[in-house]
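1. Structure, please.
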Amino acid sequence: MKIGIISNIHSNLYSLMEIYNLLEKECVEIILCLGDIVGYGPHPNEVVNFIRRKHIVPIKGIYDSAVINNDFSHINENTINNFSVDFTRTELTKNNLYYLSNLPLELSMNFGELNIKFVHKNPYINNQDIQEDILVCGYEHIPDNIKLSKEKCIIMPGSCGKPVPSIGGVSCGVLEVSNNFYNYNILKCEHFFSKINKDMKMMNFPEILINSYEIYA
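-> Predicted structure coming up:
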């Protein structure tokens, strides 16, 4: 099975569409989104509608929870997040807010003896305690593939909506699994910052939030 993995869309429709097209060319059979679907960006409804229309399978991220519950327990309460949570809650339709609130927190798959868990944030304090063969995490905006041992690894697709500038673009992952075998590749494409920049300026987003797309914050 060939699985496309995305995360940290953060209400950026333009980059989501680019990444989706990239994964379609890879002929993935399913696309999973590891949370933080909304927040920061100007397209919360458009992104949720795209996910639903394209049958992308999502889990809930900490920013999604912050928006749903208007709660800053797991994100910093600062100028950017105060604006972003309020804007996103106001913009989202009741239907889309309900959809986000009912997303699961994790997904699991088994292929032969290979056990894979998909989460937003790594729940383990010590990576050596990981029970799964493959732990697939969102949250971090930097793509990575961490080999813990011959049998275990942590993989992260990075961000397809608000990348760390030094990464050189938005990213996603392709996980290919068959029985006890797996292969993982990180894919990147250009981040069209100018488009989302224009939208945020038109919608009077604070400069500190707009600038955070170029100087990661």
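
2. C-alpha only now, for contacts and for neighbours.
-> OK.

3. Who is Asn185 paired with across the strands?
-> Taking DSSP bridges, one obtains Val174 as the residues bridged to Asn185.

4. State the pLDDT value of it.
-> The model reports Asn185 with a pLDDT of 96.

5. do the same with Pro123
-> pLDDT, Pro123: 87.

6. Name all residues that make contact with it.
-> By C-alpha atoms under 8 Å, 6 or more residues apart in numbering, no residues touch Pro123.

7. Which of the helices and strands in this protein ranks last by mean pLDDT?
-> The weakest-scoring helix or strand in the chain, judged by mean pLDDT, DSSP states H and E, is strand 144-147 (a mean of 90).

8. Check which residues of the helix or strand hosting Val47 are buried.
-> Taking DSSP states H and E as the criterion, Val47 maps to helix 44-53. Using 16 or more other C-alpha atoms under 10 Å as the test for burial, helix 44-53 gives Pro44, Asn45, Glu46, Val47, Val48, Phe50, Ile51.

9. Pairing partners for the very next helix or strand once past that helix, with directions?
-> The helix or strand immediately downstream of helix 44-53 is strand 57-58, counting by DSSP H and E. According to DSSP bridges, strand 57-58 has the following sheet partners: strand 30-33 (parallel).

10. picking that back up, give me the helices and strands touching the helix holding Val47, please.
-> helix 13-25, helix 79-91, helix 94-101 (3 or more C-alpha pairs under 8 Å, 6 or more residues apart in numbering; DSSP states H and E).

11. Among those helices, which comes closest to Ile56?
-> If you check each of these against Ile56 by C-alpha to C-alpha, helix 13-25 wins as the nearest, at 9.6 Å.

12. and that closest one, how far from the chain's centre?
-> 13 Å (C-alpha atoms, centre = their mean, to the nearest Å).

13. who's in contact with Ser171?
-> Ile6, Ile19, Pro143, Pro157, Gly158, Ser159, Cys160, Pro163, Ile186, Leu187, Lys188, Cys189.

14. and if we set it to 6 Å?
-> Applying C-alpha atoms under 6 Å, 6 or more residues apart in numbering, we find Ser171 in contact with Gly158, Ser159, Cys160, Leu187, Lys188.
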